[in-house]
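[1] Attaching a predicted model along with its sequence, questions to come.
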Amino acid sequence: MSLVLTLPHSAARADTWSYNIVTTGSDVEFVSPTAIDPGLPAYRLAYQVQQMLATAELIDFPGFPVEVDVTSELDPEFRSGVKLLAGPPPLELVHAEVQYPEDADPSAAGFRSVIDMGLRADGRAFVRATNNVLSAFSAQFPPGSGVFLNIRLLSVRLIGTISAEPAGRVLGSPTTLIIPEGSARQLTVTLSQAPPGPLQVTVERVDGDPDFTVAGGALLSFTPQNWAAPRFATILAAVDADGIAGQATLRVSAPDYAPSTVTVIELEPDCNGNGVPDAAELASGSAPDCNGDRLIDTCEVAAGIVPDCNANGVPDACDLATGVASDCDNNGVPDVCDIGAGKLRDCDGDGIPDVCQPDRDGDGWIDACDGCPDDPNKHSPGLCGCGVVDIPACEGAARGGPDSPTTDAGPAPPDAPTSSSDSPGTDPGPAPAVGDLPSEDAALTAPLEALCGVGACGAPLLGWLPLTALALLTVKTRRLRC
């Protein structure tokens with residue numbers, strides 16, 4: 001359950017949307033019809049679950065559904081809340097696992113769901129219910145009645161509101177601050193908008209190497225009159241002589257403003273321990289610094305400051321900038337790493353993700369791996385070739401085909417080669433197949449082109465294709481009800 005804090009504020013500028021979603025077990029989602037500007041520095045997002053309604057029936061008396069308000073069963077933390085979040089979207093407001101009854105063992109609950117709320121990248125709000133499970137259970141129904149019944153849930157409905165509005169943000173610059181060991185550097189602090197009154201900003205280390213301290217400017221004051229002028233905090237990296245490039249995270253925050261984080265990195269005098277000061281190596285070019293951040297690349301990689309997913313000793317960003325590695329989907333990760341991690345498919349093994357290769361028929365199979373690149377309904381020619389349907393499409397239809405020892409029930413051997421449903425040359429015995437009914441087999445032959453693409457229910461379903469000069473088909477006919 002995501003924990004949120006309610007903050008006092010004026011909602012005059014808030015965009016508020018009402019949602020009403022119902023699930024019978026499938027995933028459901030509400031997306032707001034309008035959007036807030038996705039380019040704002042920060043957002044105040046709020047939500048309220050006004051009602052959760054359960055439609056249920058008694059197992060002993062099915063067919064008489066009743067809708068009951070079970071909102072009181074929800075965890076109070078899930079029913080409403082507010083978050084201040086720094087942009088840009090997408091942003092998560094709520095991620096919660098919800099169940100009814102709330103205090104039941106999850107395996108015995110009548111309803112389980114994962115609820116997500118937030119702001120999409122395009123500025124539209126969303127409410128999503130996924131992994132929904134509705135089942136039978138025993139509980140007080142209606143809640144608080146003191147009567148326990150065996151109940152089957154049929155549907156669950158969530159009704160409420162979600163809102164978004166612009167918010168102020170405290171900004172720390174630069175977002176990555178590199179400090180030589182034993183030295184201090186200044187962090188610039190600004191506000192994205194004027195405060196309604198006097199505002200105090202806090203600068204603090206929240207995790208990482210304790211050698212970093214806020215030596216000055218831990219508390220900075222702003223007013224509505226002078227808010228646009230930057231303030232400064234002094235960050236000190238103490239001498240530790242451990243040979244490790246330390247790293248920490250600073251948080252810059254203020255009440256009712258979205259916070260910012262700053263990464264501080266300690267610049268060691270000799271990070272690779274080769275007896276030559278790093279500054280001298282960088283000045284002479286004997287040690288690479290491809291991103292120009294005054295840290296030797298191998299030291300950055302070893303300390304985990306920058307990613308090197310292909311383990312070539314060069315930061316991924318530099319591999320991409322120089323063309324050593326490709327990033328066709330522009331996600332900042334070399335394609336070879338996305339493919340190796342299973343995040344992107346590469347069906348033809350050419351090192352280029354499928355999402356970056358042509359797919360003329362738009363069926364999700366790239367042309368190089370699609371046996372029918374211009375037929376969105378087929379990935380291989382099959383029996384009838386590209387552009388022609390092999391099997392009539394009929395929901396619930398069972399496809400007839402030749403018998404085999406693995407599909408025939410009972411100990412009797414399969415059909416003799418003379419049977420209309422046999423595959424020639426594979427059946428040694430004369431006994432009929434015990435899995436067949438006489439009414440199922442029809443000794444029909446037809447030209448191939450007459451049977452490909454048939455679409456009516458009850459039409460002959462394709463069986464097997466004898467390799468004869470006439471290219472005739474033997475067909476098993478089975479009447480089906482659609």
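    Yes, it's here.
[2] and Gln247, bridged to which residues?
    In this entry, Gln247 is beta-bridged to Ile265, by DSSP bridges.
[3] could you pull out the helices for this protein?
    Using DSSP state H, the helices assigned to the chain run over residues 76-79, 278-284, 297-302, 316-322, 335-340, 448-451.
[4] List the buried residues for the fifth one?
    Within helix 335-340, the residues that count as buried by 16 or more other Cβ atoms under 10 Å are 335-339. In short, each C-beta sits where N, CA and C put it, glycine included.
[5] In the stretch 51-200 of the chain, where is pLDDT below threshold?
    Per-residue confidence of the stretch 51-200 of the chain (counting by pLDDT under 70) places the weak regions at 103-104, 106, 141-143.
[6] contacting residues around the residue most central in space within the chain?
    Centre of the chain computed as the mean C-alpha position; nearest residue by Cα atoms, centre = their mean is Lys343, 11.0 Å away. Taking Cβ atoms under 8 Å, 6 or more residues apart in numbering as the contact definition, Lys343 lies against Val333.
[7] What separation do you get for it and Asp27?
    Using Cβ to Cβ, to the nearest Å, one obtains 22 Å as the distance from Lys343 to Asp27.
[8] Which of the buried residues of helix 335-340 sits closest to Ala238?
    Cys337 (35.8 Å; Cβ to Cβ).
[9] Now the closest one. Nearest residue, chain neighbours left out?
    By the measure of Cβ to Cβ, 6 or more residues apart in numbering, the closest residue to Cys337 outside its immediate chain neighbours is Cys309, 3.6 Å from it.
[10] and that neighbour, how far is that from Leu134?
    Summarising the geometry, the distance separating Cys309 from Leu134, computed by Cβ to Cβ, is 42 Å.
[11] Distance from stretch 56-64 to the middle of the chain?
    A distance of 37 Å separates the C-alpha centroid of stretch 56-64 from that of its chain, computed with Cα atoms, centre = their mean, to the nearest Å.
[12] List the buried residues for stretch 43-60?
    With burial defined by 16+ other Cβ under 10 Å, the residues of stretch 43-60 counted as buried are 43-47, 49, 52-57.
[13] which one of those residues is nearest Thr249?
    When these are ranked by distance to Thr249 (Cβ to Cβ), Tyr43 comes first, at 21.9 Å.
[14] Please tell me I have it right and the closest one contacts Gly168.
    No. The pair Tyr43 / Gly168 is not scored as a contact, 10.4 Å apart, by Cβ atoms under 8 Å.
[15] For these two, list the residues in contact with both.
    The contact sets of Tyr43 and Gly168 overlap at Ala258 (Cβ under 8 Å, 6+ apart).
[16] Look at Cys309 and Leu134 and report which has more neighbours.
    Relative neighbour count places Leu134 above the other of Cys309 and Leu134, with 22 against 16, counting by other Cβ atoms under 10 Å.
[17] My guess is the more buried one contacts Gly110. True?
    Yes. Judged on Cβ under 8 Å, Leu134 makes contact with Gly110 at a distance of 6.8 Å.
[18] So for these two, which residues contact both of them?
    Residues within reach of Leu134 and of Gly110 at once, by Cβ under 8 Å, 6+ apart, are Leu153.
[19] what's the neighbour count on Pro174?
    Taking other Cβ under 10 Å as the definition, Pro174 ends up with a neighbour count of 12.
[20] same check, this time on Ala194
    For Ala194, the count of nearby residues is 15 (other Cβ under 10 Å).
[21] Domain parsing of this protein, as residue ranges.
    Annotated domains of the chain cover 15-166, 170-267, 389-482 [automatic domain parsing].
[22] can you list the ones you listed in JSON lines and add distance to Gly273?
    JSON lines is the format used below for the domains of the chain (distance: least, Cβ to Cβ, whole Å):
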{"stretch": "domain 15-166", "distance to Gly273": "38"}
{"stretch": "domain 170-267", "distance to Gly273": "6"}
{"stretch": "domain 389-482", "distance to Gly273": "66"}
